[in-house]
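Student: Below is the structure, and that's it, no one-letter string:
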């Protein structure tokens with residue numbers, strides 16, 4: 001058994017214009033053609049692919065919002081500093097997603113406990129990538145008078161039903 005990484009390493013050692021590379025390019029073209037035909041034929045596939053692309057764009061939009069300092073550009077010259085900034089950006093973005101997931105879970109549980117009706121199928125459509133409720137400008141207010149529950153969460157504010 002051969003690993004895909006070993007195959008790619010061996011293929012990259014060959015010169016560009018070999019028969020195996022040409023055959024793989026042709027297979028890739030066939031796969032793209034078949035996918036394009038499925039795309040035109042299947043509205044559900046188009047909807048799924050569009051939803052997935054939108055998720056990726058939403059994540060990129062969140063990352064751009066977090067990286068507003070220096071216009072969102074990594075201007076460090078060394079690879080190590082660039083990698084450090086990228087890792088920090090990923091960490092902050094992941095923290096926002098985690099925060100949102102925890103609160104979305106708490107909200108759905110509170111709605112269930114209160115017997116408030118909602119479509120369970122909509123849960124899969126929720127996105128933890130929003131940040132309108134998060135202060136990312138760098139202006140922070142610290143307060144000792146925060147009302148938090150026994151687990152340290154802010155209270156959930158429900159809209160009237």
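Tutor: That came through fine. Since we're looking at a predicted model, the values are computed, not measured. Numbering: from 1, shown residues only.
Student: Name the helix or strand of the protein that has the lowest mean pLDDT.
Tutor: helix 4-13 (a mean of 78; mean pLDDT, DSSP states H and E).
Student: now that helix, how far from the chain's geometric center?
Tutor: Averaging C-alpha positions (C-alpha atoms, centre = their mean, to the nearest Å) puts helix 4-13 29 Å from its chain's average.
Student: Let me know the next secondary structure element after that helix.
Tutor: helix 19-41 (DSSP states H and E).
Student: any idea where the helices of this protein begin and end?
Tutor: Counting by DSSP state H, the chain has helices at residues 4-13, 19-41, 43-66, 79-114.
Student: could those helices go into CSV alongside mean neighbour count and distance to residue 144?
Tutor: (Glycine included, C-beta is placed from N, CA and C.) Shown next, in CSV, are the helices of the chain (neighbours: other C-beta atoms under 10 Å; distance: least, C-beta to C-beta, whole Å):
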stretch, mean neighbour count, distance to residue 144
helix 4-13, 9, 54
helix 19-41, 10, 56
helix 43-66, 13, 27
helix 79-114, 13, 21
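Student: Redo those as TSV? Include distance to residue 128.
Tutor: Shown next, in TSV, are the helices of the chain (distance: least, C-beta to C-beta, whole Å):
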stretch	distance to residue 128
helix 4-13	31
helix 19-41	28
helix 43-66	10
helix 79-114	4
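Student: before we move on, the earlier item: and the least confident helix or strand of the chain, what does it pack onto?
Tutor: Secondary-structure packing of helix 4-13 (3 or more C-beta pairs under 8 Å, 6 or more residues apart in numbering; DSSP states H and E): helix 19-41.
Student: can you give me the mean pLDDT across the helix it packs on?
Tutor: The pLDDT scores in helix 19-41 average 89.
Student: can you list the residues that contact that helix?
Tutor: 11, 14, 45-46, 49 (C-beta atoms under 8 Å, 6 or more residues apart in numbering).
Student: Report the contact partners of the one residue sitting closest to the centre of the chain.
Tutor: Per C-alpha atoms, centre = their mean, the C-alpha nearest to the average position across the chain is that of residue 59, at 4.2 Å. By C-beta under 8 Å, 6+ apart, the contact list for residue 59 reads 93, 129.
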